[in-house]
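*Asks:* Got a predicted structure here, sequence first:
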Amino acid sequence: MLAFSGCTHGCTVEEAEELKRLSYPVLSGMHALGGERKREGRRQQWLCPLTPEEATLILQALGFSKEAQIYIASGEIYGCERRLAPLKAAFPQIVKKETLLDPAELQRFQNHTSQMAALDFTVSVASDTFIPTYDGNMAKVAEGHRWYLGFKKSILPDRKKLIELLDLHQNGTLPWDDFALAVSQTHEKRMGQPFRR
């Protein structure tokens, strides 16, 4: 997904170069339209998934407890252990389909990406709270299905505002308490509740 989206925020220089090579066939048209400048601006245009480090800060700011079980609905996370370390430190009960299912049970799904995605979708729909870190098709379908099931709690990140708040907090301009308050206030009406049409 990172190679497809052209996003490298939080990656090492080596990882960014590798993602650039992986994404070249997918994003070759981007190079004709502004190349690196366009690639670097994708995060500021809210086109990048939240990183595991950013997701950790958001979950903490929203008041999730250290005991919360966090299910990661995705394939392999790029830079896995290094990138997931802050999330695991803050929320030790991290699970994925690979840890929930016995390897023999998972084996029959492994060569079928749509079936693996269906497992993630099933857990996402059944979870107490759903928070997508990327506004892709799966997130939209899971969110819609949760509305259909009675507006189950789905926190829909305002990535435009979050990028601004995260950058201010991470550069030391916005203290933690102000950051947490701003994140909470930004998402008060973004919890998947019914709305007037």
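*Replies:* Now that the structure is in, tell me what you want to look at.
*Asks:* what mean pLDDT does stretch 153-165 have?
*Replies:* Within the predicted structure, the mean pLDDT of stretch 153-165 is 91.
*Asks:* Just the terminal-to-terminal distance for it.
*Replies:* Looking at stretch 153-165, the gap from its leading to its trailing residue is 23 Å under the measure C-alpha to C-alpha, to the nearest Å.
*Asks:* cool, and stretch 163-178?
*Replies:* Between the start and the finish of stretch 163-178 there is a gap of 15 Å, counting by C-alpha to C-alpha.
*Asks:* buried sites along that stretch?
*Replies:* Within stretch 163-178, the residues that count as buried by 16 or more other C-beta atoms under 10 Å are 163-166, 169, 174. Where you see a C-beta, it was placed from the backbone N, CA and C, and this is true even at glycine.
*Asks:* Next, count neighbours for the nearest residue in space to Glu53 that is not next to it in sequence.
*Replies:* Spatial nearest neighbour of Glu53, excluding adjacent residues (C-beta to C-beta, 6 or more residues apart in numbering): Pro86 at 5.0 Å. With neighbours defined by other C-beta atoms under 10 Å, the count for Pro86 comes to 16.
*Asks:* Helices of the chain, start to end?
*Replies:* Using DSSP state H, the helices of the chain run over 2-5, 13-32, 35-40, 52-61, 80-90, 97-100, 103-107, 113-126, 137-148, 159-170, 176-186.
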